[in-house]
Every structure is written in structure tokens, then in C-alpha cells.
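Prediction below, plus the sequence it came from.
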Protein chains: 2
Amino acid sequence: MKAEDPAREPGGGEVRLSRASAGRLSLYLRRLEGFRREGSKKISSGQLGEAVGVTDAQVRKDLAHLGSLGQPGIGYPTEGLIAAIRRALGIDRQWSVALVGVGNLARALLRYRGFQEQGFRIVALFDADPAKIGQRLEGLEVYAPARMAAVIAETGAELGLLTVPSESAQEVVDALVAARIKGVLNFAPTVLRVPAGVSLVSVDLAVQLEQLAFLVQLRGSD
Amino acid sequence: MKAEDPAREPGGGEVRLSRASAGRLSLYLRRLEGFRREGSKKISSGQLGEAVGVTDAQVRKDLAHLGSLGQPGIGYPTEGLIAAIRRALGIDRQWSVALVGVGNLARALLRYRGFQEQGFRIVALFDADPAKIGQRLEGLEVYAPARMAAVIAETGAELGLLTVPSESAQEVVDALVAARIKGVLNFAPTVLRVPAGVSLVSVDLAVQLEQLAFLVQLRGSD
DNA sequence: GGATGTGAACGACTTCACAGCG
DNA sequence: CGCTGTGAAGTCGTTCACATCC
């Protein structure tokens, strides 16, 4: 996990959110959608905190950034909170996404329901392998990297999913940047460079497994 | 991303590592292996920090936890650092891993080279779908969940990869815990409960995309 | 000179505790 | 009374700066 400077000038009267808080808001959102399905109209900071594993005070601090949505003695309105969190995270709209590198991971992401549910739509596929170019997956055609700029402009994709081997990751991210992509979610196990103005989030699966091994090993030392 | 309490009693004369630091050590390790391939015998905190995007002071603080490996005026020995980091993270040995939920993501993980390179070996597959039970993938047979305890004991798997739908995630994790698994890497977009004594790391792909959207949106407010 | 290791300053995030409102 | 919103206190992690050593 890695990203660019989150600090920003105030500008308009916008919501000010810390990075850590934004991560938890995603978790609250996921859980709130569950509560909504179960018919809960109101939810307290204690319940929500319990459900995602943080303290009630933490929940209140995080939610306070969204404005005064809670009612003392009552709690927060489930529906209102969901809307407010989506707005704060910038997912109160559709995001179009381009996917580069059509391997197994890409196929998994293409069929991953979670993305669509949160308003992310994969609208374009790219791969350098001539054998894959022209194939169709989930109704989308695989294009050659050379067509990246044109296709991205045409489809209006703003985000990129990077599921290529480490060796070509930097090269591809450069191409995406040149094609005016605004943010990249990288799965290649490398540290990538992006210019200021483009956002980057990396998920390194081996790092996650290593973290797990580390935690397990820690416990072993009893 | 989520995990259990990392705090622990001193006990033996073991290395004391913060969670954040452990995450960066993984990144250093990845990069150091690159430097080694390129033939670098020595590396300075400045070079390493530059390569992974943190300050030189941060690198030194992190590496200081591993003991005094650096030579003033010279830097750190590449090879020695790699060994020390692997030991600190608990990956100076093989870990056997069981994978539950044989979907697209599982297939991607099975073929992911990064795991093997870091000493993780997937040794058992499980899926509840009768159509998948008995199939072979990458030389491994898919077993029914009922055989979990027996197969895990037999193969000596200590870690579990969870790539099942959210609905069944808690149920499966309970089965893994019952089968004496020590840690779980969860990909289902849910908050899971595990008893103390079992470690949990969760990777929620939708959360990562939401983080990206949040960062992009932040920049938009210029 | 060049780079490490580390106390001290700093900053960010979390928890506490309580006033205030429904 | 229950639960929110929030200043104040506390904790944790990062950056600075420099003495120290090759």
C-alpha cells in the first residue's frame, strides 16, 4: 500500500479527511450496507465500531468530518450515513476504469461484483500479447497498448487497474499517464513512479502474505 | 487491511518490530533483491529510501531494529540485510498454505510467482462446489471442505488464503481455525472474527479502489 | 568526507472524558 | 437516560540533527 501526498489546499468549503479515516470510512460503508439490508434505520457509533473493530470514539471522530449527522441519544441514520460517506469518498458517481494486463488476476477483477456495486465500471481492456488482442472478455474487446490513448479518451476512463508483470509495470503506467489517466491501482510487486497530479495505490499480494507470516511468527514467541 | 493486536510480552531476546515498520521491511526486501541481481554489494539508507519512497532517516530507524548491520561511511551489506529482514519477518523458512475457494482469484494466486519466491507454498485446495471437488489445478487436487481438518493436519499448512464469497467467509474461517490454522489472509469484502491466537490480514479490493477514487477526487478540488 | 545510529522535537492519530442535546 | 460531538490528554510514528565511527 502506498500513495501520493494527500495534503491539499482548502479551496472551497470542502470536507477535510485524513487518509486513515478514509480507509475506515470504506469499512463503515460496507458494514452499513449490511445493516441497511437487515432493515436497520438507525445505528450508533458503538454498534458500528463493534462491527468493524474500532472504538466508538474513533467512529464518532471519523463521522464528525462528514458534518453533524448523528442525533444525540438516538444514533446515526443508516441511509443518510451511507450517502454522506459515498459523497466524501467521491463514489457518489460512476467511475470508468481501464484494465491493463489480461491475466488470471484481471479475469478475477472483471468478475468481481464488489466493483460494480460501488460504482466502478471496467470499460476497456489492454494487453501486449498479440494472441490476446481482439479476444472478448465479459463483453469487452482486448486492445493493443498502442491504442491506449485513443480508447481511454473515447471511453472516458479515469482510473487504471494494473495487472501486468513487474518488468513492464513502469512502462505501462507511463503510457496510462500519457493517456491522461488520473489514478492507478497497481498489483505488480514494484514501487512505481507517477508524476504529481496522478494518484497511485499499490496492492502487493506477497507483502500481505509476509505481513501475515510476521504476525503469526510474533505470536509464536510466547 | 486489518489485524489483531501486535503487542506482545518480551519473552526471549527477540526483535521488537512495529506493524508499520514490518510493512516497509517487505518493500525494502523486494527492492534489495533487485539490487542484488544488479550486483550491488553495499547499499545506503539514502539509496534504499529513494527507491521505495521514504526518507533515509526512516530507513535507518527501521533497519536499526534488526541490529547494527550498517557500517558508518559505507552503508549496509545487501546480502546481510536481505537475510536479516527475512529473519525478522519470519520468512527465513517455508510456509505451507491452504487455499479455500477455487475461483478466478484463486487461480491467479496459484500462478503468482511472488509467493513461491518468498517461500510460500500452496499445498492444499478446498471448495464447496461439488463440480470442482476432485479437479486438479497446478498439480493439486480440490478437496471438499469436510476434509479440511484432515488435509491441513497432513500437509502441515499453517496459513490460509480465503477467496470465497463474503456470505460464506466467516463460516470458512471458523472451519480453518478449527483445523488449527495459525493465520488467514482474507480477500472477501467482510470483517471477520477470529479468536485470539489466530492472525488475520484482510485485503479488500473494493476498498483499495475506493481509496484511489478518494485520492483522485481530492486532487480534483484544485 | 560519507554514512550510520539515536535522542529530541515534532506531528499525526487515538483514546478519554464530559458537556449538551433529544 | 442514551448517545453525539469535541476539547484535552495521551500514544505512536516520523523527521531532524548531530555525535560517532569507518
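Received it, and whenever you're ready, just let me know what you need.

Help me confirm that A:Val216 is found in a strand?
No - looking at A:Val216 with DSSP: H, G, I helix; E, B strand; the rest coil, it is helix, so not inside a strand.

Which pLDDT value goes with it?
What the model reports as pLDDT for A:Val216 is 95.

Now it. Nearest residue, chain neighbours left out?
Nearest residue to A:Val216 in three dimensions, chain neighbours excluded: B:Gly183, at 4.1 Å (CB to CB, 6 or more residues apart in numbering or on different chains). The way it works is simple: take the backbone N, C-alpha and C, and place the C-beta from them, glycine included.

Does that neighbour touch B:Leu200 like I think?
Yes - contact status for B:Gly183 versus B:Leu200: in contact at 7.1 Å, counting by CB atoms under 8 Å.

Show me which of these two is the more surrounded one.
Using other CB atoms under 10 Å in any protein chain shown, the more surrounded residue of B:Gly183 and B:Leu200 is B:Gly183, with 26 against 22.

what residues are up against that one?
Contacts for B:Gly183 were tallied using CB atoms under 8 Å, 6 or more residues apart in numbering or on different chains; they are A:Leu212, A:Ala213, A:Leu215, A:Val216, B:Glu158, B:Leu159, B:Gly160, B:Val198, B:Ser199, B:Leu200, B:Val201.

Dig out what the residue nearest the centre of chain A forms beta bridges with.
Centroid-nearest residue in chain A, with CA atoms, centre = their mean: A:Leu185, separated by 7.4 Å. For A:Leu185, the beta-bridge partners under DSSP bridges are A:Leu161, A:Val201.

Touching, it and B:Ala206? I think so.
No - judged on CB under 8 Å, A:Leu185 makes no contact with B:Ala206 at a distance of 10.7 Å.

Could you report the separation of A:Leu215 from B:Leu176?
Relative to B:Leu176, A:Leu215 is positioned 15 Å away (CB to CB, to the nearest Å).

and A:Gly46, how many neighbours?
Each residue near A:Gly46 was counted by other CB under 10 Å, and the total is 14.

Just say helix, strand or coil for it.
helix.

Please name the nearest non-neighbouring residue to it.
Residue nearest to A:Gly46 in three dimensions, not counting chain neighbours: A:Asp56, with 4.4 Å by CB to CB, 6+ apart.

Just the pLDDT at the one you found, thanks.
pLDDT recorded at A:Asp56 is 97.

Show the contacting residues for it.
Counting by CB under 8 Å, 6+ apart, A:Asp56 touches A:Ser44, A:Ser45, A:Gly46, A:Gly49.

For those, pick the one with the most neighbours.
When neighbours are taken as other CB under 10 Å, the top entry among the contacts of A:Asp56 is A:Ser45 (21 neighbours).

Residues contacting the lengthiest helix in chain A, please?
Ranked by residue count under DSSP state H, the longest helix found in chain A is helix A:19-37. Here helix A:19-37 makes contact (CB under 8 Å, 6+ apart) with A:3, A:6, A:17, A:43, A:48, A:51-52, A:54, A:58-59, A:61-63, A:65, A:78-79, A:81-82, A:85-86, A:88-89, B:1-2, B:189-191, B:204, B:206-207, B:210-211, B:214.

list the buried ones in that helix?
If you call a residue buried by 16 or more other CB atoms under 10 Å in any protein chain shown, then helix A:19-37 has these buried ones: A:21-32, A:35.

In CSV, list those residues along with pLDDT and distance to B:Phe115.
Shown next, in CSV, are the buried residues of helix A:19-37 (pLDDT from 0 to 100; distance: CB to CB, whole Å):
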residue, pLDDT, distance to B:Phe115
A:Ser21, 92, 32
A:Ala22, 94, 29
A:Gly23, 94, 25
A:Arg24, 97, 29
A:Leu25, 97, 31
A:Ser26, 96, 26
A:Leu27, 96, 26
A:Tyr28, 97, 31
A:Leu29, 97, 30
A:Arg30, 95, 27
A:Arg31, 95, 30
A:Leu32, 97, 34
A:Phe35, 95, 36
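
Let me have the residues you listed in TSV, adding distance to A:Gly103 as columns.
Output for these, formatted as TSV (distance: CB to CB, whole Å):
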residue	distance to A:Gly103
A:Ser21	34
A:Ala22	29
A:Gly23	27
A:Arg24	32
A:Leu25	31
A:Ser26	26
A:Leu27	29
A:Tyr28	33
A:Leu29	29
A:Arg30	27
A:Arg31	32
A:Leu32	34
A:Phe35	36
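
Tell me the one of the residues you listed nearest A:Phe126?
Distance to A:Phe126, by CB to CB, is smallest for A:Ser26 among those, at 27.1 Å.

That closest one and DNA strand D, how far apart?
Distance of A:Ser26 to DNA strand D, computed by CB to the nearest atom of the strand, to the nearest Å: 19 Å.

For DNA strand C, see how far away that residue is.
From A:Ser26 to DNA strand C the distance is 13 Å (CB to the nearest atom of the strand).

Pass me the low-pLDDT residue ranges in chain A, would you?
For chain A, applying pLDDT under 70 flags the ranges A:1-15, A:221-222.

Now do the strands in chain A.
With strands called from DSSP state E, chain A shows them at A:42-43, A:76-77, A:95-100, A:120-126, A:136-137, A:140-143, A:159-162, A:183-186, A:199-202.

Generate a markdown table for those strands, with distance to DNA strand D as supplementary columns.
Listed next are these as a markdown table, based on distance: least, CB to the nearest atom of the strand, whole Å:
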| stretch | distance to DNA strand D |
| --- | --- |
| strand A:42-43 | 7 |
| strand A:76-77 | 6 |
| strand A:95-100 | 28 |
| strand A:120-126 | 29 |
| strand A:136-137 | 39 |
| strand A:140-143 | 39 |
| strand A:159-162 | 25 |
| strand A:183-186 | 20 |
| strand A:199-202 | 16 |
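
Next, format the ones you listed as a markdown table and append distance to B:Arg107.
As requested, these are exported to a markdown table (distance: least, CB to CB, whole Å):
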| stretch | distance to B:Arg107 |
| --- | --- |
| strand A:42-43 | 38 |
| strand A:76-77 | 41 |
| strand A:95-100 | 17 |
| strand A:120-126 | 18 |
| strand A:136-137 | 14 |
| strand A:140-143 | 18 |
| strand A:159-162 | 17 |
| strand A:183-186 | 20 |
| strand A:199-202 | 22 |
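
Before I go, just wanted to say thanks for your time.
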